[in-house]
Structures are given as structure tokens and as C-alpha cells.
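Chemist: Next comes the sequence, and after it the predicted model I'd like to discuss.
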Amino acid sequence: MIFPSKIKEKKSECETYICPECGNNFYFIQDYSRGEIICGECGIVVLDHVIDHGPEWRAYDSTEKENRTRTGGPISFRIYDKGLSTIIDRYNQDFLGRKIASNKRAQLYRLRYWQFNSHLHRNIARNLNTAMNELDRLASQIELSANIKEMAAFIYRKAAKGQYLKGKVISETVAASIYVACHIYNFPILLEELATHSKANKKNIARTYRYLIECLNLKIRNIDPLEYIVRFSEELNLSPTIQLKACKIIQLAYQKNLTSGKDPKGLAAAVIYIAGLLEGEHCSQRKISRVSHVSEVTIRNRYKEIVEKLDLKLYPIKNKKGGSQLMKVIKSLH
DNA sequence: AAGACGAAAGTGGTTGA
DNA sequence: TCAACAACTTTCGTCTT
């Protein structure tokens, strides 16, 4: 890290600087995707963690630039009014920072009171405000990305606008919106995980999820088992070799059409188990069951189906004590 | 005790008449 | 609306080391 003070020696108005590393005048290159300013001569990173003060939109001609020019922060579906409304603050100061006269303060107080009432006390705004707070809380606890949060907020708003949420519990609908958004972005979320952090239970979240899909006429695909394989393998501290093998097995299962109608979590759990046997890094059904929230019986059923349909040969493993309890799957997978 | 396996009973969703 | 069905879960017992 090179301190900004070192490049303060601005030589002219044509935005050239003295590079602290090579000593030459340089034309700086701004890389806002990485938040870095780079010396055009020697390529060294002169500044990092640079804040992009520009707009988040792009304009390709002067008309677009004019139309899109605005002030304030970007709009967001996660804020109940999308961040567009103005508020009267509590500081009793004018725009120059001078104190408001006491005779005007009472009037300002009444204005503030009515503005608050007119904004938040409308049913829809109050509902959205509560819902967006709940969404933010839930998404932060599960550590979801900003675009999943934004999509969940968008889905909630769409349902609210269509009058589909009358009589619905906010916490259930918010959790269901997040579940829908995760499906759209193919993020391997578990219903149990949502239910743990939400006030709503698993059954109600699942029911509301189906309700939202029906009301909004959404075409939702199942989450790819590959995503679950990565997630479960990481939680079980399995080697990348197991992950790779599990991915190969699931691809073969796809080709044989063994995956349709099956829970992707169950499929992922089963192929991880098979991959463990293949690679000699055995992971018990119980451990996989705990991580995947799929019962051991389901893992066994999927595992047997896959082994049978992919024509994988089963041979008993002789352990140290001469036992033959575990079965090894033998087949070259390509 | 741990791990694997299987049977039986029950649950909740989907589909078609 | 309801029965049939597939997928899945829970529970329990058995086997093996």
C-alpha cells in the first residue's frame, strides 16, 4: 500500500502525477472494478480501496446522460419507499445550520408529525417498512448477496402490489420471497436454515413459497444439485477430489435421467457418499444426513438407485478386522 | 458404540378423474 | 373433491465389527 500523500505532487492540470515508485510522470489508470489507481508507466498500484463517486448507470449519448442525471443515492427495492421520499429531520436547524426560532418549532413539529403519518401510516407503506426490515435482518443472518436481497424485495413488492398478501404473515412471506430469490439465482439455500432464523416455520415458508409462485406465475427451476455438492462438501471438510468425483457421478445420473422428480439435496447427499467410497475418504451417511437435512433412508435409497442404474459394481471392502460391512463402488468414471 | 441396512407406518404434495 | 401415487421422513430392529 502506497500512501495517498505520496502522490499529492500534482504536476499539471492534465491529471499526470509523479509515480512514487518509478519517479516518472504517469497517466493514471482508474480501475473501479477493483477499486485501484494504477501507474500507466510502470503498472504499480498507486492507490487501492478507491471509492467510485460516479453514477451506477451508463449513458451512451448526451440525451441519455441528460435524462439519467439525478441527485441522491441509487434506488433500492429493499427500502420501503425505494429511498425516493424526503423527510423532515429532528435537528431543528435551517440549511445554513442556524437554529429555528422557538415560535416556528411547534409548527415544524406538527409538520414532521403529519409527514410521518402520511408516509408510514398508510397500510401498504407500513407493511413494506416492516417487511423490508425483516428481509434485511434475515438476509444478513444467512449472509445472502445484495442481488438476492434485491430480488427478494422485488418479489415481495410485486406480490404486495398485486394484492396477494392480504391476511398473510409478513415473516412467512419475506422468508418465502428469499427462498424464491435463491432459486432464481441458483443459490443452495436450505428451508431449515431459513426457518432457523425466521419467525416462520418450515412448513409455512414452503406453503407461502408455492403460493407466491402460483400468484406471480413464476417459472422456477430446482436448485442445481451441483451447488449443494459444493456446499455440503465444504461443510463436511471433504477434499476437492471428492467434490469432483461427486460432480462426475451427478452428470452421469443426469444423462441416465435419474434426477427428475428427485430432491436435489438428496441427490447431492447420495453422490457425495458414493464419491467418498470411491476415493477412500469415507463419510458416514449420518454425517451427510446432518449437514444436508436429508434422512439417512433417503440417502440410502438414492445411493442404491444410482449405483444400480449406472451399473456400478459393488465389492465388499475387507477392513482390518476382516469385516465386510462397507461396500466399495468400482467403475471408471469419465 | 458406530455404521449400514431394511421394513413399516405416516406425512404432505401432485395429478387425474 | 377425492383417491391414487411418488417421494420423503421417522421409528425401530437387526447385523457386523
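Modeler: Alright, I've got the coordinates. Residues are numbered from 1 along each chain as shown, chains lettered A, B, ... in the order given.
Chemist: Write out the residues of the stretch 201-334 of chain A neighbouring DNA strand B.
Modeler: Taking Cβ under 7 Å from any atom of the strand, the part of the stretch 201-334 of chain A that reaches DNA strand B is made up of A:203, A:206-207, A:210, A:282, A:284-286, A:296-297, A:300, A:303-304, A:325-327. Every C-beta, even on glycine, is put in place using the N, C-alpha and C of the backbone.
Chemist: Now, of these, which are buried?
Modeler: Among these, those scoring as buried are A:206, A:285, A:296, A:303 (criterion: 16 or more other Cβ atoms under 10 Å).
Chemist: now chain A, which segments are flagged as low pLDDT?
Modeler: A:1-35, A:40-41, A:46-47, A:49-59, A:62, A:64-87, A:116-123, A:313-334 (pLDDT under 70).
Chemist: could you pull out the strands for it?
Modeler: Under the criterion DSSP state E, strands of chain A are mapped to A:16-18, A:25-31, A:36-39, A:45-47, A:313-316, A:327-330.
Chemist: At which residues are the helices of the stretch 201-334 of chain A located?
Modeler: A:202-215, A:225-235, A:240-255, A:264-279, A:285-292, A:296-309 (DSSP state H, counting those that start in this stretch).
Chemist: just to revisit the earlier point, show me which of the buried ones among the residues of the stretch 201-334 of chain A next to DNA strand B neighbour DNA strand C.
Modeler: For DNA strand C, the contacts drawn from these by Cβ under 7 Å from any atom of the strand are A:Glu296.
Chemist: of the buried ones among the residues of the stretch 201-334 of chain A next to DNA strand B, closest to A:Glu36?
Modeler: Nearest to A:Glu36 out of these is A:Ala206 (Cβ to Cβ; 44.9 Å).
Chemist: thinking the closest one is in contact with A:Leu194, fair?
Modeler: No. Counting by Cβ atoms under 8 Å, A:Ala206 does not reach A:Leu194; the two are 9.6 Å apart.
Chemist: ok, A:Cys182 - contacts?
Modeler: A:144, A:148, A:188-189, A:223 (Cβ atoms under 8 Å, 6 or more residues apart in numbering).
Chemist: With respect to DNA strand B, which of those residues is nearest?
Modeler: DNA strand B has its nearest neighbour among the contacts of A:Cys182 in A:Ile223, at 15.2 Å by Cβ to the nearest atom of the strand.
Chemist: That closest one: what's it in contact with?
Modeler: Neighbour list for A:Ile223: A:182-183, A:186-189, A:264 [criterion: Cβ under 8 Å, 6+ apart].
Chemist: go again using 7 Å as the cut-off
Modeler: A:183, A:186, A:188, A:264 (Cβ atoms under 7 Å, 6 or more residues apart in numbering).
Chemist: quick one, phi psi at it?
Modeler: phi -70, psi 140 (degrees, to the nearest 10).
Chemist: quick one: it from A:Gln243, how far?
Modeler: To A:Gln243, A:Ile223 is 17 Å away according to Cβ to Cβ, to the nearest Å.
Chemist: same deal with A:Glu296?
Modeler: Taking Cβ to Cβ, one finds A:Glu296 at 21 Å from A:Gln243.
Chemist: swap in A:Ser198?
Modeler: Separation of A:Ser198 from A:Gln243 (Cβ to Cβ) stands at 30 Å.
Chemist: more neighbours, these two?
Modeler: A:Ser198 (22 against 18; other Cβ atoms under 10 Å).
Chemist: Now do the contacts for the nearest residue to the more buried one once chain neighbours are set aside.
Modeler: The shortest distance from A:Ser198 to any non-neighbouring residue, by Cβ to Cβ, 6 or more residues apart in numbering, is to A:Ala175 (4.3 Å). Taking Cβ under 7 Å, 6+ apart, we find A:Ala175 in contact with A:138, A:194, A:198, A:200, A:205.
Chemist: Quick one: these as CSV, columns for distance to A:Leu108 too.
Modeler: Converted to CSV, the contacts of A:Ala175 look like this (distance: Cβ to Cβ, whole Å):
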residue, distance to A:Leu108
A:Leu138, 36
A:Leu194, 44
A:Ser198, 40
A:Ala200, 41
A:Ile205, 44
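Chemist: can you pull the contacts of the closest residue to A:Ser233 other than its chain neighbours?
Modeler: Setting aside the residues directly before and after it, A:Ser233 is nearest to A:Gln243 in space (Cβ to Cβ, 6+ apart), at 4.5 Å. Counting by Cβ under 7 Å, 6+ apart, A:Gln243 touches A:229-230, A:233.
Chemist: Now restrict these to buried residues only.
Modeler: Buried among those by 16+ other Cβ under 10 Å: A:229-230, A:233.
Chemist: from those residues, which is closest to DNA strand B?
Modeler: A:Ser233 (16.2 Å).
Chemist: The closest one touches A:Ile272, doesn't it?
Modeler: Yes. Counting by Cβ atoms under 7 Å, A:Ile272 is a contact partner of A:Ser233 at 6.3 Å.
Chemist: joint contacts of these two?
Modeler: A:Ile242.
Chemist: what's the residue of the stretch 51-200 of chain A found nearest DNA strand C in contact with, if anything?
Modeler: Closest contact between the stretch 51-200 of chain A and DNA strand C, by Cβ to the nearest atom of the strand, is at A:Glu192 (9.8 Å). Neighbouring residues of A:Glu192 by Cβ under 7 Å, 6+ apart: A:202, A:293.
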